[in-house]
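Novice: here's a sequence, model it:
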Amino acid sequence: MVKTNVHFPTDHNLLWDAARKCIEIGCSLAKTQNIEGWRKALDWKKRVKIEFRKLQKTKKSGGRNKELRLKYATENYLDITKILQKKMVEFQAVFAPKTLAQELAFIELEYYFAMLIKHMDLVERRLVKGEKIPHNEKVFSLFEPHTKWISKGKAGVVAEFGEKHLIVTDQNNFIVLSHIIADTPDATFTVDIAKQLKEQFGNRMASLSFDKGFSSKEIIKELEGIIPNAVIKQKGKPNKERKEIEGTENFKTLNNAHNAVESNINQLTYHGLDKCRDKGKINFNKYVSLAVLSYNLH
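Specialist: Modelled structure (predicted):
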């Protein structure tokens, strides 16, 4: 798991992110063409933040009539962002970029404005109307939009934010295969990995082991046709035949050796792959690749 450098995402704090970026970029662009009406931009930002903080405080506090107070705070927060929305529509109608820098800033402004509208809708639906927002509608960072919500079942950790990173190590602990797999289920990659490694190493690959998450009955059957010594525990309750296979001395030895990958992951994390502090998807990929190179050189 490679984490992105983001704060814990909620729809109301992402709405604040979108609002402040709209004000900052809009004010900057308005100055380049002396567009009037942005003299109080800092005051707008302050007012939006005050209503955001009030909503945050209401959500965290207890007491009587909390639902009613939360609804009232949410409506006040949305009212101030609706004023900003109207201001942004007016600004977009009169602003015409004259330089490449202005064009790029305006594209950025359009993105944050779209996020402003999206999160106004999400906040209203969840906190005012009481809807449950589908996972596929959620965004987990405006600044690192490739960030995924990864639930790993760790004690005391709701979720981690970033992307899953798949690694394959050889008997000497070198990483021979590395892929960023976002939040795609592990089992999706099992057969493709086996085929790729078979093509890369041929008959020199004596055995191949996987975590249990890469397993299914169908996958195990496919692996047997690719490599004779595939070490992967079956998900669910194994039948008598599978129990015998997993109970052999060879299977146990290779499966125990597989657990060494945890120390490889720990060392990789030590080499900078705990959290990516660089920005953007392209730089995230570079960061991961450089950490793998650093690990292998070490």
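
Novice: could you pull up phi and psi at Val168?
Specialist: According to degrees, to the nearest 10, the main-chain angles of Val168 amount to phi -120, psi 130.

Novice: the nearest residue to it once chain neighbours are set aside: how many residues sit nearby?
Specialist: Leaving aside its sequence neighbours, Val168 sits nearest to Leu177 (Cβ to Cβ, 6 or more residues apart in numbering; 3.8 Å). For glycine as for every other residue, the C-beta is placed from the backbone atoms N, C-alpha and C. Using other Cβ atoms under 10 Å, Leu177 is surrounded by 14 other residues.

Novice: next: Ala18.
Specialist: The burial count assigned to Ala18 is 24, neighbours taken as other Cβ under 10 Å.

Novice: and the gap between it and Tyr295?
Specialist: Going from Ala18 to Tyr295 by Cβ to Cβ, to the nearest Å gives 37 Å.

Novice: what does the helix or strand where Tyr112 lies contact?
Specialist: Using DSSP states H and E, Tyr112 sits within helix 100-123. Helix 100-123 has contacts (Cβ atoms under 8 Å, 6 or more residues apart in numbering) with 11-12, 14-15, 17-19, 21-22, 25-26, 28-29, 32, 74, 77-78, 81-82, 84-85, 88, 92, 95, 97, 133, 137-139, 142.

Novice: just the strands in the stretch 151-298 of the chain please.
Specialist: Ranges of strands within the stretch 151-298 of the chain are 160-169, 175-182, 208-209, 230-231, 275-276, based on DSSP state E, counting those that start in this stretch.

Novice: least reliable of those strands going by mean pLDDT?
Specialist: Across those, strand 230-231 has the smallest mean pLDDT, namely a mean of 86.

Novice: what are the pairing partners of that strand, and which direction each?
Specialist: Sheet pairing of strand 230-231 (DSSP bridges) gives strand 208-209 (parallel).

Novice: how about residues contacting the partner strand?
Specialist: Ala194, Leu197, Leu223, Ile227, Asn229, Ala230, Val231, Ile232, Leu254, Asn255, Ala257, His258.

Novice: how about the residue nearest to the third one when sequence neighbours are not counted, what does it touch?
Specialist: The one in question is Leu223. Leaving aside its sequence neighbours, Leu223 sits nearest to Ala230 (Cβ to Cβ, 6+ apart; 3.9 Å). By Cβ under 8 Å, 6+ apart, the contact set of Ala230 is Ala194, Ser207, Leu208, Ser209, Phe210, Ile220, Leu223, Glu224.

Novice: burial count for the nearest residue to the first one once chain neighbours are set aside?
Specialist: Same thing as Ala194. Distances taken as Cβ to Cβ, 6+ apart put Ile226 closest to Ala194, at 4.7 Å, once the chain neighbours are dropped. Neighbours of Ile226 under the rule other Cβ under 10 Å: 15.

Novice: remind me what the lengthiest helix in the chain packs against, helices and strands.
Specialist: Secondary structure of the chain per DSSP state H: the longest helix is helix 66-94. Of the remaining helices and strands, those touching helix 66-94 by 3 or more Cβ pairs under 8 Å, 6 or more residues apart in numbering; DSSP states H and E are helix 11-32, helix 41-60, helix 100-123.

Novice: same thing but 6 Å
Specialist: With contacts defined as 3 or more Cβ pairs under 6 Å, 6 or more residues apart in numbering; DSSP states H and E, the packing partners of helix 66-94 are helix 11-32, helix 41-60.

Novice: just the buried positions in the last one, please.
Specialist: For helix 41-60, a neighbour-count test (16 or more other Cβ atoms under 10 Å) marks Ala41, Trp44, Lys45, Val48, Glu51, Phe52, Lys54, Leu55, Gln56, Thr58 as buried.

Novice: got the angle for it vs helix 11-32?
Specialist: Orientation check (axes from the mean of the first three to the mean of the last three Cα atoms, to 10 degrees): helix 41-60 against helix 11-32 gives 180 degrees.
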